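Novice: Got a sequence here, can you build the structure:
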Amino acid sequence: RLGAGRKPAPSFWKRFTTMLKNLWSKPSSSEAGPKRLWLDLGDLGDLVNPAGPHEQWQDHGLGLLRTILHQNGLMTDIASTRACGTWDEVRQAVAGYDILLMNVRSYTFPVGYRSAKIFKEVNPKGLVLAGGMHATVALDEMEAIPEFDKICQGPGEKTIVDLVRDPDAFPRVILGQGAKSMAEWPMIDRTLWPKPNSWKLARKFHWPLEPECGWGPGPVATIITSRVCPWQCVFCNENSYIPNMGRRPVEAVIDELNYLDQKYGVGSIVIHDSMFFQNPSWLQEWLEKYPRQARKLWPYWAAGRADTVRQWPELFEALIKETNWNTVSIGFESGSDRVLRIINKECTEEDNYFTIDRLTRIGDEMEAQGKKAPVFWSNIMLGIPGETREDAIKTMRMVKYTKRILPSISFYAPYPGSALGNQLIAEGKSRMTKENYHRFPDDEKVVGIDYQFYRELLAGKFDHEINKGLPSLIQQRRSVYSDALAKA
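Specialist: Got it, this is the predicted structure:
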């Protein structure tokens with residue numbers, strides 16, 4: 001019973017709905033002029049009830065460009081398809097705006113063009129400004145969507161302000177201009193990223209930082225120190241999108257991490273560079289300054305290549321031991337020299353095994369000292385055209401040989417803009433279209449590939465052949481990798 005004069009506490013549902021309203025309220029810009037909305041793209045529901053942690057990563061391109069716009073007095077609101085459960089919710093989110101901005105990647109192209117169509121239905125006089133990787137690698141597909149009023153190719157940080165301020169001054173297709181160096185970039189205002197849109201997700205998301213994904217404790221600070229991988233692998237389209245640019249200064253990276261820790265508390269770092277372990281002079285400066293100048297020696301995930309590890313093994317080892325690089329992402333891709341040549345990886349089986357043995361020894365030494373051993377996050381690709389069963393078995397033998405590994409296995413996907421992708425698309429062998437440019441793990445992406453064999457391979461049905469040549473203790477390691485199949 002309630003005492004005299006006491007009011008009953010609000011119901012759970014009232015408190016819950018109030019929290020959601022505050023969490024995902026539709027902001028209104030106070031400035032005069034057109035109402036602008038930036039729509040973050042991704043699968044419906046990924047910021048409500050995501051299938052996995054990686055669906056929750058935030059878009060650094062969105063963050064950078066919105067920061068630049070706001071610093072120049074061009075305010076935008078934010079919505080996200082990932083925060084919507086249905087397309088009707090997307091319709092409600094985009095209604096009432098004059099300008100819609102989107103960063104379109106190949107795998108978000110289906111969501112992007114459907115969102116543009118919905119925007120035009122509810123805002124017939126509105127303008128859609130779209131940029132991003134797909135605008136560069138598949139311009140024909142972008143131009144075929146009449147709802148895309150302006151299409152910006154390439155980087156946009158030197159173009160976005162003028163384009164948004166006066167879209168009519170530009171032709172439909174614009175060649176964007178980027179900075180010469182990342183040193184010119186402002187620090188991203190992370191509060192401009194979309195928020196999680198459920199009570200359950202918000203509890204563990206740590207917005208505006210990001211949730212842990214198994215690589216290190218949360219909150220996670222994701223950062224970029226270099227923008228482009230200079231290698232020319234035929235499965236990748238990154239080099240066709242943005243030219244090389246100067247790397248972000250080491251001290252600027254550390255200063256941002258210290259700021260984020262002081263303001264929000266950082267648990268670990270994910271360095272989202274396609275290729276962190278390059279430019280040895282920069283890495284040497286990171287080695288010298290990060291342990292001394294950072295508020296904490298946060299563990300981090302970062303990517304390298306087997307050939308550069310073999311080229312600079314001492315530097316690699318020092319970074320592991322002295323900077324807490326505890327999750328090492330290496331795109332081994334294949335354990336077969338034949339396939340490595342097909343994909344123009346410019347690495348060899350020998351490079352791969354050298355890198356595996358090196359990190360295994362480092363990990364053994366660290367464990368003997370009572371320290372946590374580093375682990376590989378290993379990107380493995382199966383179903384590459386030209387790969388034989390023997391090649392695939394050699395690849396899985398390499399995976400099994402690796403002592404400490406978080407395997408990320410995918411079926412090859414022929415994305416436009418990549419050399420092999422363009423070839424397969426031209427030959428009519430790609431199963432990917434604008435309707436299903438997606439990275440679902442089990443999708444059959446290329447005509448003529450025996451996907452049933454690969455499913456059986458990952459299910460352990462060829463373990464006897466994989467074990468040939470492996471020491472008996474290694475033969476006893478994991479044999480089923482079906483759950484390691486990831487998006488391509």
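
Novice: what helices or strands is the strand or helix carrying residue 317 leaning on?
Specialist: Counting by DSSP states H and E, the element that carries residue 317 is helix 313-323. Secondary-structure packing of helix 313-323 (3 or more C-beta pairs under 8 Å, 6 or more residues apart in numbering; DSSP states H and E): helix 280-293, strand 325-333, helix 349-368. Just so you know, the C-beta spots here come from the backbone N, C-alpha and C atoms, and that holds for glycine as well.

Novice: for the first one, which positions count as buried?
Specialist: Using 16 or more other C-beta atoms under 10 Å as the test for burial, helix 280-293 gives 282-283, 286-287, 290.

Novice: Let's have those residues in TSV, adding distance to residue 276 and pLDDT.
Specialist: Below are those laid out as TSV (distance: C-beta to C-beta, whole Å; pLDDT from 0 to 100):
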residue	distance to residue 276	pLDDT
282	10	98
283	8	98
286	9	98
287	12	98
290	12	98
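
Novice: Just give me the closest of these to residue 207.
Specialist: Among the buried residues of helix 280-293, residue 290 lies closest to residue 207 (C-beta to C-beta), at 25.5 Å.

Novice: Identify the residue spatially nearest to the closest one, adjacent ones excluded.
Specialist: Excluding its sequence neighbours, the residue lying closest to residue 290 (C-beta to C-beta, 6 or more residues apart in numbering) is residue 323, at 5.2 Å.

Novice: since we're on the one you found, how many residues are nearby?
Specialist: For residue 323, the count of nearby residues is 21 (other C-beta atoms under 10 Å).

Novice: again, but for the one 5 residues further on
Specialist: Here the neighbour count serves as a burial measure; for residue 328 (other C-beta under 10 Å) it reads 27.

Novice: shouldn't it be in contact with residue 359?
Specialist: Yes: here residue 328 reaches residue 359: they are 6.2 Å apart, a contact under C-beta atoms under 8 Å.

Novice: Give the helix, strand or coil label for the closest residue to residue 148 other than its chain neighbours.
Specialist: If the residues on either side of it in the chain are set aside, residue 148 comes closest to residue 130, at 4.8 Å by C-beta to C-beta, 6+ apart. What DSSP: H, G, I helix; E, B strand; the rest coil gives for residue 130 is strand.

Novice: which residues sit against the helix holding residue 317?
Specialist: If you take C-beta atoms under 8 Å, 6 or more residues apart in numbering as the criterion, helix 313-323 is touched by 277, 280, 283-284, 286-287, 290-291, 297, 300, 304, 308-309, 325-326, 328, 354, 358-359, 362, 366, 374.

Novice: Also stretch 341-356?
Specialist: 231-235, 305-307, 309-310, 313, 330-337, 340, 376, 381, 384-387, 394, 398, 401-403, 419-420.

Novice: What about those, which are in helices?
Specialist: 306-307, 309-310, 313, 337, 340, 394, 398, 401, 419-420 (DSSP state H).

Novice: Check pLDDT for the residues you listed and point me to the minimum.
Specialist: Checked by pLDDT, those have residue 419 as the lowest-scoring entry (89).

Novice: For the protein, which residues score under the pLDDT cut-off?
Specialist: For the chain, the stretches with pLDDT under 70 are 1-32, 239-242, 437-440, 487-488.

Novice: ok, which stretches of it are strands?
Specialist: Taking DSSP state E, the strands of the chain run over residues 36-40, 77-80, 99-103, 127-131, 150-153, 173-175, 220-223, 268-271, 300-304, 325-333, 375-382, 405-411.

Novice: all helices for the stretch 101-250 of the chain, in order.
Specialist: Along the stretch 101-250 of the chain, counting by DSSP state H, counting those that start in this stretch, helices occupy 109-122, 133-137, 139-143, 160-165, 199-205, 250-263.

Novice: Of those, flag the one that's most buried.
Specialist: Stretch with highest mean neighbour count among these: helix 133-137 (a mean of 26; mean count of other C-beta atoms under 10 Å).

Novice: Would you work out how far apart the start and end of stretch 142-156 are?
Specialist: Stretch 142-156 has an end-to-end distance of 17 Å (C-alpha to C-alpha, to the nearest Å).

Novice: Equivalent analysis for stretch 141-159, please.
Specialist: First-to-last distance for stretch 141-159 - C-alpha to C-alpha - comes to 22 Å.

Novice: ok, now stretch 446-461?
Specialist: 23 Å.

Novice: Could you give me the buried positions within it?
Specialist: Across stretch 446-461, burial judged by 16+ other C-beta under 10 Å covers 446, 449, 454, 457-458.

Novice: what do you get for stretch 383-400?
Specialist: Of the residues in stretch 383-400, 383-385, 387, 391-400 count as buried by neighbour count, 16+ other C-beta under 10 Å.

Novice: got CSV for these, with distance to residue 106 too?
Specialist: Formatted as CSV, those follow (distance: C-beta to C-beta, whole Å):
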residue, distance to residue 106
383, 18
384, 18
385, 19
387, 22
391, 26
392, 25
393, 31
394, 30
395, 25
396, 28
397, 32
398, 28
399, 27
400, 32
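
Novice: Report the two members of the residues you listed separated by the largest distance.
Specialist: Taking C-beta to C-beta, no two of these sit farther apart than 385 and 400, at 24.4 Å.

Novice: tally of neighbours for residue 228?
Specialist: As a burial measure, residue 228 scores 17 neighbours (other C-beta under 10 Å).

Novice: Distance-wise, check it relative to residue 284.
Specialist: Here residue 228 is placed at a distance of 21 Å from residue 284 (C-beta to C-beta, to the nearest Å).

Novice: before we move on, the earlier item: what residues are shared contacts of residue 328 and residue 359?
Specialist: Residues touching both residue 328 and residue 359 (C-beta under 8 Å, 6+ apart) are 320, 374, 376.

Novice: In TSV, list the residues you listed along with distance to residue 114 and neighbour count.
Specialist: Below are the shared contacts of residue 328 and residue 359 laid out as TSV (distance: C-beta to C-beta, whole Å; neighbours: other C-beta atoms under 10 Å):
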residue	distance to residue 114	neighbour count
320	44	19
374	42	20
376	38	23
